[in-house]
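J.: Provide a 3D model corresponding to the input given below.
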Amino acid sequence: MVEIVALRLLAPYLGLTLETSTMVIGIALAAIAAGSWAGGWLADQVDPHRMLAPLLAISGVVVALTPATLRTTAEAAPALLVPVAALAVLVPGALLSAVTPAVTKLRLTSLDETGTVVGRLSGVGTVGAIAGTVLTGFVLLSRLPVSTILLALGGLLVLGGLVVAGTRVHARRGAVALLVVVAAGVATTLAPGGCDSETEYHCASVVVDPDRPGGRTLVLDGVRHSYVDLEDPTHLEFVYVRAVAAVVDAVFPGDEPLDAYHLGGGGLTFPRYLAATRPGTRSLVSEIDAGVVRIDREELGGLDGVAVRVEDGRLGLGRLDAASQDLVIGDAFGGVAVPWHLTTVEAIREVERALRDGGVYAANLIDHGELSFARSEVATVARVFDHVAVLGEPADLGPEQADADGGNMVVVGSNEVLDLEAVQRGLDRRDTGWRTLSGDRLDAWVGDVDVLTDEWAPVDQLLEPYRPAAHVTAR
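T.: Numbers count the residues shown, from 1 in each chain. This next block holds a predicted model:
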């Protein structure tokens, strides 16, 4: 439970990436190894009865203090976040892992039953781990804030220590531990950070724009994912959204309605824009997070004119009829990374299958530094579509990726010739400052990179080490 919830706590500050998950899992395994080893040694030195209550109670206190500690550290001393997070997982993990060898020592009364006792306790512990994992992932995270889960778990561990203690001396110490848990709850409410809403996947908040009465920014795990003007859906705040609009206007001049499919919903900025500028447009959105859809409905102007399916985008692509869409927009992100299974040749072929003749695919990308991911993704799109272009800042599209600042860029793919002059006029008219890149210059920019496939798509690693902290990156 601590391991899974720790990932949710860290996501707004470190991003929900493969590296973050690997770090937390690795620390948890180290805690199990250290706790089991040390607990076994200690059980041979002292009476195991004396170990159990402190192990449970102290771990409960640490677990309860974790939300306030991590959030305060992230805001006040971000450089210390990783070591503090490591301790938040390592300490309770090691203490709780030390319980098993202590109980094993208590249960062993004869060498003749060693295998039975060790096997039974290992089985019981594994069943408990499965129960905690399933309960947390499928039930608790969808119904309770992460801080509430950890505070409740901390309180239960302390109560478990009190039950095991059974003496007044230990009971008094346990009462002190319970008071610390209560204090941790108060500290959590006062700690910086936190969320307006905790969805199944994100720490979500909606920020009001002080300069526009109707302006709202949807922030997920510290990243600005969408900007919506409740009074004017044609207002496009983010540059990359204006760039996508320039592509759509160039490929489909006029205001005729379109059939559009959107990989990722966020605040539904572009579906709302199409509904306002092209009446009759049929937009279908695949958004994996039901909590984000709820925020769209309750805080960001509703879902009028937009059909939303709560589903994974790759599965949503597979459900589309062949040649059913004029436009496919890719704008799905986990933190600052496009989910890897939406970046591959196989996924892009599904996009091509869904597009009609003359249809276009436009996808938002984020990359920095050498732009290794962006170049691989453009090469991947070019493997499927006959005509490909990239839109972005002039410095990012220059011949030397090492000089790039990075940020957002848009890759466009179609099997029909793209009118890039019209796209450029749209970019200029919308005051983006962006340029287009295609043909031989695009080939030179892409260089000799590997195409992403379902067998090989290390998106997170391609983004490293140039990715900035997730909480300062804007889409």
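J.: To what extent is P399 buried, counted in neighbours?
T.: Neighbour count of P399, defined by other Cβ atoms under 10 Å: 9. Where C-beta positions appear, they are placed from N, C-alpha and C, glycine not excepted.
J.: Check G26 too.
T.: If you count neighbours by other Cβ under 10 Å, G26 ends up with 12.
J.: Kindly give the local confidence score, pLDDT, for it.
T.: Predicted confidence (pLDDT) for G26: 94.
J.: Could you pull up the residues touching it?
T.: Contact analysis of G26 by Cβ atoms under 8 Å, 6 or more residues apart in numbering lists nothing.
J.: I'd assumed it was in a strand, is it?
T.: No - with DSSP: H, G, I helix; E, B strand; the rest coil as the criterion, G26 is helix rather than part of a strand.
J.: mind checking how far it is from L90?
T.: To L90, G26 is 10 Å away according to Cβ to Cβ, to the nearest Å.
J.: R441 now?
T.: Distance check for R441 against L90: by Cβ to Cβ, it reads 50 Å.
J.: quick one: which of these two has more around it?
T.: Using other Cβ under 10 Å, the more surrounded residue of R441 and L90 is L90, with 18 against 14.
J.: and that one, what is it in contact with?
T.: Applying Cβ under 8 Å, 6+ apart to L90 gives the contacts I27, A30, A31, A34.
J.: Over to G215?
T.: G215 sits next to V208, D209, Y227, V228, D229, L230, H235, E237 when contact means Cβ under 8 Å, 6+ apart.
J.: Specify the beta-bridge partners of the nearest residue to the second one once chain neighbours are set aside.
T.: Okay, so that is D209. Sequence neighbours aside, G215 is the residue nearest to D209 in space, at 2.8 Å (criterion: Cβ to Cβ, 6 or more residues apart in numbering). Here G215 shows beta-bridge partners D229, assigned using DSSP bridges.
J.: Tell me the predicted confidence for G215.
T.: The model reports G215 with a pLDDT of 96.
J.: ok, of the contacts of L90, which one's closest to L162?
T.: For the contacts of L90, the residue nearest L162 by Cβ to Cβ is A31; the value is 23.5 Å.
J.: wait, doesn't the closest one sit right on G93?
T.: Yes - under the criterion of Cβ atoms under 8 Å, A31 makes contact with G93 at 2.8 Å.
J.: Tell me which helix or strand Y273 sits in.
T.: Following DSSP states H and E, one finds Y273 within helix 269-277.
J.: so after that helix, what's the next helix or strand?
T.: strand 282-287.
J.: Tell me what angle that next one forms with helix 269-277.
T.: Interaxial angle, strand 282-287 versus helix 269-277 (axes from the mean of the first three to the mean of the last three Cα atoms, to 10 degrees): 170 degrees.
J.: Quick one: name whatever helix or strand follows the lowest-mean-pLDDT helix or strand in the chain.
T.: Every helix and strand of the chain was ranked by mean pLDDT, DSSP states H and E. The lowest is helix 168-190, at a mean of 69. Counting by DSSP H and E, the next helix or strand C-terminal to helix 168-190 is strand 197-198.
J.: partners of that next one in the sheet?
T.: Strand 197-198 pairs in its sheet with strand 203-208 (antiparallel), by DSSP bridges.
J.: Only the buried residues of the strand it pairs with, if you could.
T.: By neighbour count with 16 or more other Cβ atoms under 10 Å, strand 203-208 contains the buried residues C203, A204, S205, V206.
J.: Flag the least confident of the residues you listed.
T.: Checking pLDDT across these, the minimum falls on C203 at 83.
J.: can you pull the buried residues of the longest strand anywhere in the chain?
T.: In the chain, with assignment by DSSP state E, the single longest strand is strand 355-367. Residues L355, G359, V360, Y361, A362, A363, N364, L365, I366, D367 are the ones in strand 355-367 that count as buried (16+ other Cβ under 10 Å).
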